[in-house]
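Student: sequence unavailable; structure follows:
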């Protein structure tokens, strides 16, 4: 219309010059693309097991190391998101699959990261012999195993707690399975999923040392990154290098928080389920910048339109046709669970047959006894962490402006690798002749307690404003407010956080129950 009006008035039409938000947004987009290109080029470089890249403890090497570590973690986050959207959806949609996939997910998250590395490193290296890409994929997979499980639990919990009125509305509009997923279920799960993505990104830092300094049998691979830098600093007992690593981590976390997660949190606010408007809104400078960058939005509008068209397409999801009726369903259950039991029995028999020649009953008793001790430690730590972080998470989640300030601090604390505290812990234990079996225990929860905090914040942030207003109208305060209002409202989120925190604590036990500082003398 504007172009036609200019022509009819006899004037020459000139396109508008890009505004400063357009210029700034384009600079950010191009900068990210350049960094991705640099990281991808470095990941495809040649690799020799005998002559690997030497890790430098110089602070000038840290910016490039931070870039490579962040690239690996973002690649693992993308893989975790794909895994979440498929695995959790199947578990939530099928009762039979749910009874197998959810317990399996709980077991998988409890397997230490070194357990995965023991059989994946050689596999990935064999895929790309002589190339850095194989080792990069092994490191990405290792980080993936520290990120995917809590995201899958969060998405599954959201799909299982979908409000009844939204479900009835989707049925009334006759949404296909594809439309229902992208227009109802996935948007409803976005707020909790975004907070768990932040937790996954931060939790990845906890295991990045093991992911970048890989040692499995005779295979030893060291990838340039902050994790390998920290591993070398611990080995050399260089506290100055540890300090530089912490500074680099702080700067990196701040950058990706402001450039990615803070805009995602603001964007996720539009998917909150409530019938009255929120009183306070999240803010993001980067989100506002791209919101006002009209030229950039026009540039990417074809991609947005294409994604919107795909999400709205009336596609039917591939659902197997099963015989109807209670008798048929009962026989299907018998066959299904019989097959699962047979598979589990076969796996147990293979395991016993393989281990019976190298293990004795004494070894089994020792493993059970030590496992029970770890279970007690994990249970006590989860109770203590819940007592501390549930009230804090509720208070932060119900105050969006406070959440905006707390988010980067919580991300840094969650990302802080506990092994950087090992020197202090070992020194204090030796100095005061403390009992290691007791005072090494808190290291198990340092990197995993944040699952509880982040999920409770997500639950409190998603708690409908109209429910809060109703509680205020009926003068529900104090302990009654906690018992009857907020705790039931955040309980699904807390369960997700507690399960993932317990699994993470089991995972962390392998590095926290036996610590080291430098080379043994």
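Tutor: Yes, it's here. Because the structure is a prediction, the values reported are computed rather than measured. Numbers count the residues shown, from 1 in each chain.
Student: what's the burial count for residue 257?
Tutor: Residue 257 has 21 neighbours, counted by other C-beta atoms under 10 Å. (Each C-beta comes from the backbone N, C-alpha and C, glycine too.)
Student: ok, it to residue 407 distance?
Tutor: For residue 257, the distance to residue 407 (C-beta to C-beta, to the nearest Å) stands at 7 Å.
Student: what's the answer for residue 268, then?
Tutor: Separation of residue 268 from residue 407 (C-beta to C-beta): 12 Å.
Student: and residue 470, by the same measure?
Tutor: Noted for residue 470: a distance of 28 Å to residue 407, by C-beta to C-beta.
Student: who's more crowded, those two?
Tutor: Taking neighbours as other C-beta under 10 Å, residue 470 and residue 407 compare with residue 407 leading, 20 against 13.
Student: so how far is residue 413 from that one?
Tutor: For residue 407, the distance to residue 413 - C-beta to C-beta - is 11 Å.
Student: ditto for residue 94
Tutor: According to C-beta to C-beta, residue 94 and residue 413 sit 38 Å apart.
Student: swap in residue 221?
Tutor: In this view, residue 221 and residue 413 are 30 Å apart by C-beta to C-beta.
Student: which one of the two has more residues nearby?
Tutor: residue 221 (23 against 16).
Student: helix/strand/coil for that one?
Tutor: Following DSSP: H, G, I helix; E, B strand; the rest coil, residue 221 is assigned to strand.
Student: residues in a beta bridge with it, which ones?
Tutor: In this entry, residue 221 is beta-bridged to residue 214, by DSSP bridges.
Student: so it touches residue 228, yeah?
Tutor: No. Look at residue 221 against residue 228 with C-beta atoms under 8 Å: they stay out of range, at 9.6 Å.
Student: pLDDT below threshold where in the stretch 301-450 of the chain?
Tutor: For the stretch 301-450 of the chain, applying pLDDT under 70 flags the ranges 316-329, 332-333, 354-356, 415-427, 429-430, 434-441, 443, 447.
Student: so where do the helices sit in it?
Tutor: For the stretch 301-450 of the chain, helices defined by DSSP state H, counting those that start in this stretch occupy the ranges 326-355, 361-397, 400-415, 422-431, 436-439, 443-446, 450-462.
Student: kindly report the same for the stretch 1-150 of the chain.
Tutor: 2-8, 20-43, 62-83, 89-93, 95-110, 113-127, 132-160.
Student: looking at the protein, which helix or strand does the model trust least?
Tutor: Least confident helix or strand, the chain: helix 2-8 with a mean of 49, by mean pLDDT, DSSP states H and E.
Student: can you tell me how far the spatially closest residue to residue 138 that is not a sequence neighbour sits from residue 136?
Tutor: Distances taken as C-beta to C-beta, 6 or more residues apart in numbering place residue 124 nearest to residue 138, at 4.1 Å, with adjacent residues excluded. For residue 124, the distance to residue 136 (C-beta to C-beta) stands at 8 Å.
Student: between the two, who's got more neighbours?
Tutor: Set residue 124 next to residue 136 and count neighbours by other C-beta under 10 Å: residue 136 wins out with 27 against 19.
Student: what's around the residue nearest to that one when sequence neighbours are not counted, how many residues?
Tutor: Spatial nearest neighbour of residue 136, chain neighbours left out: residue 43 (4.6 Å); criterion: C-beta to C-beta, 6+ apart. Counted with other C-beta under 10 Å, the neighbours of residue 43 add up to 20.
Student: show me what contacts residue 43?
Tutor: Residue 43 sits next to 68, 71, 132-133, 136 when contact means C-beta atoms under 8 Å, 6 or more residues apart in numbering.
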